[in-house]
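> When you get a sec, could you give me coordinates for this:
(one chain, ligands or ions: 2)
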Amino acid sequence: MSFAKASVRDAEVAGKRALVRVDFNVPLDGGRVSDDTRIRAALPTIESLRERGAALVLVSHLGRPKGQVVPELSMAPVAERLSELLGVSVKLAPAVVGDEVKAQAESLDAGEILLLENVRYEPGETENDPRLAEQLAALGDLYVNDAFGAAHRAHASTAGVAEYLPGYAGLLLERELTELGKVVEAPARPLIVILGGAKVSDKVGVIDRFLEIADEILIGGAMCFSFFRAQGIPTGNSLVEEQGIELARKALERAGSVGCDLRLPLDLVLGREFDAATERREIDGVEVPDGWMGLDVGPRTAASYAEAIGRAGTVLWNGPMGAFELEPFAASTRTVAEAVAAAPGTTVIGGGDSVAALQQFGLGEKVDWLSTGGGASLELLEGKKLPGVEALRDA
Ligand code: ADP
Ligand code: MG
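Ligands and ions are numbered 1, 2, ... in the order given. Got it, this is the predicted structure:
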């Protein structure tokens with residue numbers, strides 16, 4: 001997976017208009033951007049293009065308007081936040097494409113920025129309609145994809161447009177591919193992978209791949225209950241994904257034959273229901289009694305996972321250890337987050353909720369790489385090709 005795509009760093013951009021796909025799919029609160037992490041992540045590419053004399057046409061999706069104009073999902077708050085961050089005015093286009101937008105794009109001077117409306121207002125976006133791709137391409141002289149978080153989608157603005165314009169990787173996209181690529185290709189050993197979160201089926205591809213390349217896989221989160229069910233251990237009312245049980249059984253079987261140490265929790269924290277005010281109980285074991293659900297892995301498990309993280313050459317963490325949004329069940333996610341933050345090895349975090357957990361604990365700055373793409377990072381780590389990357393020019 002070494003980086004084989006043309007980089008925006010090597011593109012001739014002076015006096016040109018760059019159509020840049022960014023991931024500005026940010027959370028909104030009352031018409032304001034409530035977390036601008038993704039906007040900040042795109043600044044290096046935007047600034048580099050401006051400094052080198054390009055005009056920019058930016059395009060992103062925001063939420064799921066499903067091919068219709070949904071005013072609450074307008075890019076207006078994003079344009080405002082981006083203007084504040086850059087200290088220059090960012091124009092907002094009245095639509096995604098069309099004559100007026102084209103005229104606006106053509107009137108841009110070097111260094112100026114036009115942000116298109118939410119690209120998912122257009123039904124052709126998710127259908128990867130070549131007509132939309134061509135209309136988007138008409139807005140620029142070259143295409144830059146910096147939207148790692150959307151690179152696993154073959155949409156008009158992420159893949160189709162590169163049929164009509166020379167496509168380059170943006171700096172964020174490039175960095176994501178490099179950092180995640182290193183984990184798979186040349187990790188410092190031991191490589192220890194921590195997997196948690198809700199669903200086995202989302203992550204079974206990653207488990208399969210890392211059974212081959214990781215030294216240890218540490219399982220936590222609700223995902224562990226599919227493994228316990230596969231072993232015939234009662235799970236009470238814990239969140240179990242039925243189709244995950246068979247996947248877990250196969251993973252356990254393969255772990256035995258490939259010699260990867262696949263570890264499951266030793267103890268649990270239980271609640272009556274998914275609620276911060278629920279009755280709480282710790283058990284030294286993993287059999288969940290009737291009327292209870294496992295909402296966090298226990299302190300013995302967290303300590304043993306933290307110990308493993310401390311001796312890892314490389315740590316990859318995806319998925320919280322428990323229902324960390326509920327304070328009484330956040331302890332093990334916090335212990336793991338602190339261990340990752342303090343780890344001497346290379347630390348890479350993927351997954352929206354794991355990144356949110358680290359930031360909630362104020363530890364986001366202490367890891368080597370926080371991936372901006374949940375689904376995209378999982379697909380990349382699984383070894384799948386990302387359409388948004390494949391569409392770009394070869395280096
Ligand atoms: P990520 O976004 O990091 O990949 P996921 O989306 O897979 O993580 O999972 C995050 C969710 O998993 C969180 O909302 C968390 O509450 C939930 N979760 C973790 N452990 C449990 C559990 N034991 N029971 C119920 N939900 C859980
Ligand atoms: Mg998630």
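> Ligand 1 contacts on the chain?
Contacts of the chain with ligand 1, taken as Cβ under 6 Å from any ligand atom, map to 196-198, 202, 221-222, 239, 294-295, 318-320, 322-323, 325, 351-354, 374. For glycine as for every other residue, the C-beta is placed from the backbone atoms N, C-alpha and C.
> Would you mind checking those residues for buried ones?
Buried subset of the residues of the chain next to ligand 1 (neighbour count, 16 or more other Cβ atoms under 10 Å): 196-198, 202, 221-222, 239, 294-295, 318-320, 322-323, 351-354, 374.
> ok, and of those residues, which contact ligand 2?
Among those, the residues that sit close to ligand 2 (Cβ under 5 Å from the ion) are 352-353.
> could you check the distance from the closest residue to residue 59 other than its chain neighbours over to residue 227?
Leaving aside its sequence neighbours, residue 59 sits nearest to residue 116 (Cβ to Cβ, 6 or more residues apart in numbering; 4.5 Å). Here residue 116 is placed at a distance of 45 Å from residue 227 (Cβ to Cβ, to the nearest Å).
> The chain: helices as residue ranges?
37-51, 76-86, 99-106, 130-137, 171-185, 200-213, 223-230, 242-258, 299-310, 331-342, 352-360, 374-382, 387-390 (DSSP state H).
> other SSEs contacting the longest one?
Counting by 3 or more Cβ pairs under 8 Å, 6 or more residues apart in numbering; DSSP states H and E, the packing neighbours recorded for helix 242-258 are helix 200-213, helix 223-230, strand 261-263.
> Run the angle between it and helix 223-230 for me.
With axes from the mean of the first three to the mean of the last three Cα atoms, to 10 degrees applied, the angle from helix 242-258 to helix 223-230 works out at 80 degrees.
> The residue nearest to residue 59 reaches residue 74, doesn't it?
No. Using Cβ atoms under 8 Å, residue 116 is not in contact with residue 74, being 11.1 Å away.
> Could you pull up the mean pLDDT of stretch 133-151?
Stretch 133-151 shows a mean pLDDT of 98.
> With stretch 17-35 instead?
Across stretch 17-35, the average pLDDT comes to 95.
> Stretch 192-210 now?
93.
> cool, and stretch 274-281?
For stretch 274-281, mean pLDDT rounds to 98.
> Buried residues of it, list them for me.
By 16+ other Cβ under 10 Å, the buried positions in stretch 274-281 come out as 278, 280.
> how distant is that stretch from the center of its chain?
Taking Cα atoms, centre = their mean, to the nearest Å, one finds stretch 274-281 lying 29 Å from the centre of the chain it belongs to.
> cool, and stretch 212-230?
Worked out by Cα atoms, centre = their mean, stretch 212-230 lies 20 Å from the chain centre.
> Looking at the stretch 51-200 of the chain, which residue is nearest ligand 2?
At 6.2 Å from ligand 2, residue 197 is the closest residue in the stretch 51-200 of the chain, using Cβ to the ion.
> That residue contacts residue 204, doesn't it?
No. Look at residue 197 against residue 204 with Cβ under 8 Å: they stay out of range, at 12.0 Å.
> Touching, residue 315 and residue 189? I think so.
No. Contact status for residue 315 versus residue 189: not in contact, 11.7 Å apart, counting by Cβ under 8 Å.
> can you list the residues of the stretch 251-395 of the chain near ligand 2?
Counting by Cβ under 5 Å from the ion, the stretch 251-395 of the chain sits next to ligand 2 at 352-353.
> quick one: low-confidence ranges for the stretch 251-395 of the chain?
Counting by pLDDT under 70, the stretch 251-395 of the chain shows no low-confidence range.
> ok, the residue nearest to residue 202 when sequence neighbours are not counted to residue 41 distance?
Once flanking residues are discounted, residue 202 sits nearest to residue 378: 6.9 Å by Cβ to Cβ, 6+ apart. Residue 378 sits 18 Å away from residue 41, going by Cβ to Cβ.
> next one: residue 395
Residue 395 sits 23 Å away from residue 41, going by Cβ to Cβ.
> about what we covered before: name the residue in residue 315 and residue 189 with the higher neighbour count.
residue 315 (29 against 11; other Cβ atoms under 10 Å).
> quick one on the thing from earlier: tally of neighbours for the residue nearest to residue 59?
With other Cβ under 10 Å as criterion, residue 116 counts 26.
> if we can go back for a sec, leaving out chain neighbours, which residue sits closest to the residue of the stretch 51-200 of the chain closest to ligand 2?
residue 319 (2.9 Å).
> who has more neighbours, residue 395 and residue 41?
Higher neighbour count among residue 395 and residue 41: residue 41, with 23 against 12, using other Cβ under 10 Å.
> which residues touch that one?
23, 172, 372 (Cβ atoms under 8 Å, 6 or more residues apart in numbering).
> Just give the nearest non-adjacent residue to residue 154, would you?
Nearest non-adjacent residue to residue 154 (Cβ to Cβ, 6+ apart): residue 387, at 3.7 Å.
> quick one on the thing from earlier: please name the residues that touch the residue nearest to residue 202.
202-203, 205-206, 318, 350-351.
> go again using 10 Å as the cut-off
Shown in contact with residue 378 (Cβ atoms under 10 Å, 6 or more residues apart in numbering): 152, 180, 202-203, 205-206, 318-319, 350-351, 371, 384.
> burial of residue 23, as a residue count?
26.
> Surely it touches residue 148?
Yes. Residue 23 is within contact range of residue 148, at 6.6 Å (criterion: Cβ atoms under 10 Å).
> Give the residues shared as contacts by these two.
38, 41-42, 170, 172-173, 372-373, 376.
> ok, the residue nearest to residue 197 touching residue 217?
No. Counting by Cβ under 10 Å, residue 319 stays clear of residue 217, with 11.7 Å between them.
> shared neighbours, those two?
Contacts common to residue 319 and residue 217, judged by Cβ under 10 Å, 6+ apart, are 194-195, 206.
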